[in-house]
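S.K.: structure, please.
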Amino acid sequence: MSKEVREALQPSVGGTTVDFVDASISIVQKELAADIAGLRDNLATAVARLEKLESDIAALSVDRQVAYDDDKYALTKQKLVRLMIDMGYMR
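M.R.: Model prediction:
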């Protein structure tokens with residue numbers, strides 16, 4: 001409802017009803033503002049965590065790439081070590 005329509009209908013409705021509707025609208029607006037603020041905080045936290053994870057992944061990618069560039073059997077060695085740990089031969 002537009003403001004003009006609301007103001008046009010206001011004289012035909014009782015004052016108590018108008019006060020109730022105005023109070024209800026203001027309560028809903030405050031609740032929505034609080035919900036939006038909470039969502040913004042959650043979003044900011046999620047974005048910060050995502051940026052940290054991306055930087056950690058990038059750092060790990062660089063470390064892993066440098067460690068295994070000259071070793072063509074690195075993946076096979078990792079699988080073998082994992083298998084030996086699973087079977088109980090290594091700890």
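
S.K.: residues near residue 35, how many?
M.R.: The local packing of residue 35 (other C-beta atoms under 10 Å) involves 10 other residues. From N, CA and C alone the C-beta is placed, and that goes for glycine too.

S.K.: before we move on, what about residue 18?
M.R.: Residues near residue 18, counting by other C-beta under 10 Å: 14.

S.K.: against which helices or strands is whichever strand or helix holds it packed?
M.R.: Residue 18 is part of helix 15-68, with elements assigned from DSSP states H and E. Under the contact definition 3 or more C-beta pairs under 8 Å, 6 or more residues apart in numbering; DSSP states H and E, helix 15-68 sits against helix 74-87.

S.K.: for the helix it packs on, C-alpha coordinates in CSV please.
M.R.: Output of helix 74-87 as CSV, limited to C-alpha atoms (Å, rounded to 0.1, in the frame of the first residue of the first chain):
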residue,chain,number,x,y,z
ALA,A,74,55.0,-39.2,-5.1
LEU,A,75,51.3,-40.2,-5.5
THR,A,76,52.2,-43.9,-5.5
LYS,A,77,54.3,-43.4,-2.4
GLN,A,78,51.5,-41.6,-0.6
LYS,A,79,49.1,-44.4,-1.5
LEU,A,80,51.5,-47.1,-0.3
VAL,A,81,52.1,-45.3,3.0
ARG,A,82,48.3,-44.9,3.5
LEU,A,83,47.8,-48.6,2.8
MET,A,84,50.5,-49.6,5.2
ILE,A,85,49.0,-47.4,7.9
ASP,A,86,45.6,-48.8,7.3
MET,A,87,46.9,-52.4,7.5
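
S.K.: now do it and helix 15-68, the angle between them.
M.R.: Counting by axes from the mean of the first three to the mean of the last three C-alpha atoms, to 10 degrees, helix 74-87 lies at 110 degrees to helix 15-68.

S.K.: in helix 74-87, what's buried?
M.R.: Within helix 74-87, no residue counts as buried by 16 or more other C-beta atoms under 10 Å.

S.K.: now do that helix: which elements does it pack against?
M.R.: Checked by 3+ C-beta pairs under 8 Å, 6+ apart, helix 74-87 has helix 15-68 packed alongside it.

S.K.: before I go, just wanted to say thanks for your time.
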